[in-house]
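**Q** Quick one, what's the 3D model for this:
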Amino acid sequence: MLHGMERNKGQDEMQPHQQRVVDEKAELDEKLTKLRAFMPDDESNKIFMGLPQDEKVRLIRQEAVMSEYSEILGERIAAF
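**A** Down below sits the predicted model:
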């Protein structure tokens, strides 16, 4: 339900808006995992490596923003 995140206020169950944040983080993390799999650290992904440089830069920026967003959602969940 919390995907490894613990609540620190001892509530028995989450409020609907809290569950939406948990669900949003889970969905975002799934997309982030797929994006990272597409963006290898080496030159093994010919599709990624074949993209124009501008597009690769946009994907790298997207990964960074998604990662930051996921962190923020995690902080919000920890504060529940």
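
**Q** which ones are touching Lys56?
**A** Phe48 (Cβ atoms under 8 Å, 6 or more residues apart in numbering). C-betas here are computed from N, CA, C, even on glycine.

**Q** Over to Leu73?
**A** Contacts of Leu73 by Cβ under 8 Å, 6+ apart are Val21, Glu24, Lys25, Leu28.

**Q** Nearest residue to the middle of this structure?
**A** Asp29 (3.2 Å; Cα atoms, centre = their mean).

**Q** Tell me how far that residue lies from Phe38.
**A** In this view, Asp29 and Phe38 are 15 Å apart by Cβ to Cβ, to the nearest Å.

**Q** go on, Val65?
**A** 16 Å.

**Q** for Ala79, same thing?
**A** 32 Å.

**Q** now do Gln19
**A** Gln19 is 29 Å from Phe38, by Cβ to Cβ.

**Q** That's all I had, so thanks and see you.
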